[in-house]
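S.K.: Please find the sequence and the predicted model below.
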Amino acid sequence: MNTNRPNTPNQWEEFYGPNLGYVIELYEQYKDDPDSVDPTFKELFEQWGAPALTRENDNAGVIQAAGITEADMMKVASALKLMENIRAYGHLSAEIYPFDVKRQKKTEFLNPATYGLTENDLQSISAKILWSDAPSDVKTG
């Protein structure tokens, strides 16, 4: 990390993801006790101030510009969880016994309602979002 570079509008742009989270945690620690952080970071905080969250804010702006809400993102995440559980545990709901023996099955994790999803929610999510290799003729609605 080059601490001698000229100041730019966003000095923290080289930090992102987990590294940015770490720097933010260090800054919170620095605010409580400046001598508790490594001298290099202390100097950076004194010189540059608080770390900016520009990368995340840029992504938020793109998402908002596309008309995607946080609720939409949560539905997609829930649908992915449901899909993974169907892949891993879907066989548990199969009727494979040749005799008419009713067994108690605990398969609520295969039910969309468990994830707060409705049939309309699932139909509104494109198959390509959940599976990038989905054939073009696969439709959700």
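M.R.: Arrived safely, thanks for sending. Residues are numbered from 1 along each chain as shown.

S.K.: in stretch 110-120, what's buried?
M.R.: Within stretch 110-120, the residues scored as buried using 16 or more other Cβ atoms under 10 Å are 110, 115, 117. Every residue, glycine included, has its C-beta placed from N, CA and C.

S.K.: and those, which of them are in strands?
M.R.: Using DSSP state E, no member of those sits in strands.

S.K.: State the next helix or strand along the chain beyond the helix or strand of the chain with the lowest mean pLDDT.
M.R.: Least confident element among the helices and strands of the chain, by mean pLDDT, DSSP states H and E: helix 54-65 (a mean of 48). Sequence-wise, the next helix or strand downstream of helix 54-65 (DSSP states H and E) is helix 70-89.

S.K.: Tabulate the buried residues of stretch 110-120 in JSON lines, adding columns for distance to Gln11 and pLDDT.
M.R.: What follows is the buried residues of stretch 110-120, written out as JSON lines (distance: Cβ to Cβ, whole Å; pLDDT from 0 to 100):
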{"residue": "Leu110", "distance to Gln11": "49", "pLDDT": "86"}
{"residue": "Tyr115", "distance to Gln11": "41", "pLDDT": "89"}
{"residue": "Leu117", "distance to Gln11": "42", "pLDDT": "91"}
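
S.K.: tell me the average confidence for stretch 17-30?
M.R.: The pLDDT scores in stretch 17-30 average 83.

S.K.: Do you know the pLDDT at Ile129?
M.R.: On the pLDDT scale, Ile129 is placed at 81.

S.K.: can you count the residues close to Gln47?
M.R.: Using other Cβ atoms under 10 Å, Gln47 is surrounded by 10 other residues.

S.K.: How about the one 5 residues further on?
M.R.: Neighbouring residues of Ala52 were enumerated by other Cβ under 10 Å; the total is 17.

S.K.: Now name the helix or strand holding the nearest residue to it once chain neighbours are set aside.
M.R.: Excluding the flanking residues, the one nearest Ala52 by Cβ to Cβ, 6 or more residues apart in numbering is Trp12, at 4.9 Å. In the assignment (DSSP H and E), Trp12 maps to no helix and no strand.
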